[in-house]
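> What follows is a predicted structure for the sequence shown.
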Amino acid sequence: MQDIQQAFTPLQIGPLTLKNRFVKAATNEGMSPDGVPSRQLVEFHAGIAAGGAALTTVAYCAVSADGCTLPNQICLNREALPHLRVLTGAVHAEGGRVSAQITHGGCFTFTRQPGQGRPLSASGGFNKIGLMSGLFFKREMSVSDMQRIASDFAQGACLAREAGFDAVEIHMGHGYLLSQFLSPLYNKRRDEFGGSLENRLRFPRQVLRAVLDAVGQDLAVICKFSITDGAKGGNRIEDGIAIAQALEAEGAHMLVLSAGLNAESITTMFGSSFPAENRAVITNPIMKFAMYLQQLAEKPVPFSELYLLAYSRQIRAAVKMPLAYLGGLTSASGVSTLIHEDFDAMALGRVLIHDPKWIGQLQTGDADRSGCTACNRCVTMMYSEGGTSCILGNPRSAELNRQPAAV
Ligand SMILES: Cc1cc2nc3c(=O)[nH]c(=O)nc-3n(C[C@H](O)[C@H](O)[C@H](O)COP(=O)(O)O)c2cc1C
């Protein structure tokens, strides 16, 4: 119990003070139809803050139109600003702080506007993710593309500040653009941005520097990355350690330690298999087939609590900066373990989708083990009309999800 109370002490990350150590991890909410945050999104994050988490992360805010992965994703532009202000205001009113996960999808995209051309990536050629989207080829980024996108990240962070966010989380993991630079599975370049890990880190570091220079005095600048890709030929934990050290040297305020890649190693990220029922929710037949192939390719993985602890512990030993543990935290004893292991913060995804009140109940001693079963069916609920929810509870309101936040 003593350890649990330690988790309710304040934490400093860069210029931001959090009231406790609990962070709601980014989980794509599916609550921004046509790119506009809905009233459902506001209710979702206000509920997380009211439930006791110190910081809630708004998933997947694209820094440019060509950086969108999905059509119903927030794009950080001036049209979104009034809606984002409603969202941040609602979280603050509940005593919480709010972070914008800022991202560029690179070749992991299902959307293309006329005139956008091939999706960008570290390297060009055949785009295997394009088998799901019909975007079969990707284009290798030039140095001027990199300058433009680094500046988009900085501008996106400035817009987040204007909208009232307290932090930004740069998405460097899971197979999106910055992860496409970091991972040798995607990065086949022969210039100073490819080859050695030092080179593969160059562009993600430039993005981090641009964001720190733009907003680092005012907002916490967090990086989320995959400490192992969990796939043959990808980054291993030794690379993850070196990436953490480089991000610490560059000045990131906190790291969120995730793992895995969306297309190649989704069970590394979630620590448990995806049930076949998940395919039933997907209407796009190509995506359905791709999920089927993915399930065939990956061995069944039974869930175990804190499934990334053995890897994350190695990162803890290698850096001094604040670290947020992520992956399968589901009980009070898990919280004690993470406090003992010297993690500064604890991020949770599925447990808070299942029950946003869990953190507050933990503090009062009214909760121990979460009822989340790590079944992963919340992942396909992203595509339902009401947005992401736990299938053990009621689906969220489709009506609220159609109404823009600022109306
Ligand atoms: C429904 C759902 C959507 C997710 N979407 C995102 C996302 O948009 N960005 C991201 O970085 N991670 C995303 N994740 C991964 C989570 O942040 C986290 O890594 C994962 O759920 C494991 O943590 P947990 O065991 O606490 O759930 C998503 C997870 C879920 C369950």
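Done, it's in. Residues are numbered from 1 along each chain as shown.
> buried ones in stretch 398-407?
Under the neighbour-count criterion of 16 or more other CB atoms under 10 Å, stretch 398-407 has 400-401, 404-406 buried. The way it works is simple: take the backbone N, C-alpha and C, and place the C-beta from them, glycine included.
> ditto for stretch 142-162
In terms of neighbour count (16+ other CB under 10 Å), stretch 142-162 has its buried residues at 146, 149-150, 152-161.
> isn't residue 337 right up against residue 312?
No. Between residue 337 and residue 312 there is no contact under CB atoms under 8 Å: 11.1 Å.
> so how many other residues sit close to residue 355?
Look at residue 355: counted by other CB atoms under 10 Å, it has 17 neighbours.
> residue contacts, it?
Applying CB atoms under 8 Å, 6 or more residues apart in numbering to residue 355 gives the contacts 51, 370-372, 390.
> Keep only those of the residues you listed that are in strands.
Applying DSSP state E to the contacts of residue 355, no entry is found in strands.
> could those be laid out in JSON lines, adding distance to residue 89, neighbour count and pLDDT?
Shown next, in JSON lines, are the contacts of residue 355 (distance: CB to CB, whole Å; neighbours: other CB atoms under 10 Å; pLDDT from 0 to 100):
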{"residue": "51", "distance to residue 89": "18", "neighbour count": "20", "pLDDT": "98"}
{"residue": "370", "distance to residue 89": "29", "neighbour count": "22", "pLDDT": "96"}
{"residue": "371", "distance to residue 89": "31", "neighbour count": "13", "pLDDT": "95"}
{"residue": "372", "distance to residue 89": "29", "neighbour count": "21", "pLDDT": "96"}
{"residue": "390", "distance to residue 89": "26", "neighbour count": "21", "pLDDT": "94"}
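> Dump those into CSV; add distance to residue 232 as well.
Output for those, formatted as CSV (distance: CB to CB, whole Å):
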residue, distance to residue 232
51, 40
370, 33
371, 36
372, 30
390, 33
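> phi, psi of whichever residue of the stretch 51-200 of the chain sits closest to the ligand?
Nearest to the ligand, among the residues of the stretch 51-200 of the chain, is residue 59, at 3.5 Å (CB to the nearest ligand atom). Dihedral pair for residue 59: phi -70, psi 140, per degrees, to the nearest 10.
> Now do the contacts for residue 331.
So residue 331 contacts 305, 368-370 (CB under 8 Å, 6+ apart).
> where does this protein come near the ligand, residue by residue?
25-28, 59-60, 101, 171, 174, 224, 258, 269-270, 326-329, 348-351, 378-379, 382, 388 (CB under 6 Å from any ligand atom).
> Restricted to helices, list those residues.
In this view, the residues of the chain next to the ligand that belong to helices under DSSP state H are 269-270, 350-351, 378-379.
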